[in-house]
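K.L.:
sequence isn't available, so here's the structure alone:
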């Protein structure tokens, strides 16, 4: 089985990020993986670059892990809804939606393409809880863009079927360098009682990028410990 899978190829965008690096490490033994990342000088907001790169790099599967996110840092600015610039909102939409569409479209031009997996967020489904962020707020551009990723997935699923399946994973918060106070407050809202480990998306991505999910397209799959159930 491993040798059969090894003949198939997978492109992972955002391959050097927290989730992307974990997915890449796991998938490299199952697929011939190809990586894109800003760390390599790959600017996915540059349409010319995207067109050239995907014309030279073909694969059966595409996993989009890249995204702009305002992670929880100790030095994060305390900006309210009324302080956020429209330019910053536009930046989220450019990176997380417009560029993802560009990447998916160029990938889909290949006759080898079989499946796309996009990563959204629980904040694309429900509003961030203000109580988690104290005086600061989760950037509305992040939420808007992640909601758009879900709709982008559904749109692509209907237009690229039956040749290419397009599905969306909706992860909850991933444990990584958050302070104990934040994690404790976050976990109060999770039926599973904890944040997600960074490797807990590997299995579902493997299923979606295989013949084990041949009748799945346009699906939105929550991997959030039950967060969106409340």
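P.N.:
Received, thanks. Treat the numbers as computed from the prediction; the structure is a model and nothing was measured. Residues are numbered from 1 along each chain as shown.
K.L.:
now do the helices in this structure.
P.N.:
Listed in chain order, the helices of the chain (DSSP state H) span 2-6, 18-27, 47-56, 86-93, 99-108, 140-160, 180-187, 202-208.
K.L.:
which one of those has the lowest average pLDDT?
P.N.:
Lowest mean pLDDT within the helices of the chain: helix 2-6, a mean of 49.
K.L.:
of the helices of the chain, which is nearest residue 80?
P.N.:
Among the helices of the chain, the nearest to residue 80 by C-beta to C-beta is helix 140-160 (10.4 Å). Quick note: C-beta positions are derived from backbone N, CA and C, even for glycine.
K.L.:
the residue nearest to residue 14 when sequence neighbours are not counted and residue 21, how far apart?
P.N.:
Spatial nearest neighbour of residue 14, excluding adjacent residues (C-beta to C-beta, 6 or more residues apart in numbering): residue 66 at 3.0 Å. Remark: distance between residue 66 and residue 21 (C-beta to C-beta, to the nearest Å) = 12 Å.
K.L.:
repeat that for residue 12.
P.N.:
Relative to residue 21, and taking C-beta to C-beta, residue 12 is found at 9 Å.
K.L.:
more crowded one of these two?
P.N.:
residue 12 (29 against 17; other C-beta atoms under 10 Å).
K.L.:
per-residue confidence at the more buried one?
P.N.:
pLDDT, residue 12: 98.
K.L.:
list the beta-bridge partners for it.
P.N.:
Per DSSP bridges, the residues bridged to residue 12 are residue 35, residue 63.
K.L.:
tell me the contacts of it?
P.N.:
Residues near residue 12 by C-beta atoms under 8 Å, 6 or more residues apart in numbering: 20, 23-24, 27, 33-36, 63, 65.
K.L.:
and stretch 28-45, what's buried?
P.N.:
30-31, 33-37, 42, 44 (16 or more other C-beta atoms under 10 Å).
K.L.:
how about residues contacting it?
P.N.:
2, 5-17, 20, 24, 27, 49-50, 53, 57, 59, 61, 66, 94-95, 98-99, 102-103, 206, 209.
K.L.:
with stretch 86-102 instead?
P.N.:
So stretch 86-102 is in contact with 44-45, 47, 50, 64, 66-68, 118, 139-142, 144-146, 148-149, 152, going by C-beta under 8 Å, 6+ apart.
K.L.:
residues contacting the longest strand along the chain, please?
P.N.:
Longest strand of the chain, by residue count under DSSP state E: strand 165-171. Strand 165-171 is contacted from outside by 19, 104, 114-122, 124-125, 149-150, 153-154, 156-157, 160, 196, 201, 204-205, 208, 213-214, 216-224, 228, using C-beta under 8 Å, 6+ apart.
K.L.:
partner residues bridging the most centrally placed residue in the chain?
P.N.:
Nearest to the mean C-alpha position of the chain, counting by C-alpha atoms, centre = their mean, stands residue 119 at 2.4 Å. Residue 119 has these beta-bridge partners by DSSP bridges: residue 169.
K.L.:
any idea of the pLDDT on residue 81?
P.N.:
Taking residue 81 on its own, its pLDDT is 86.
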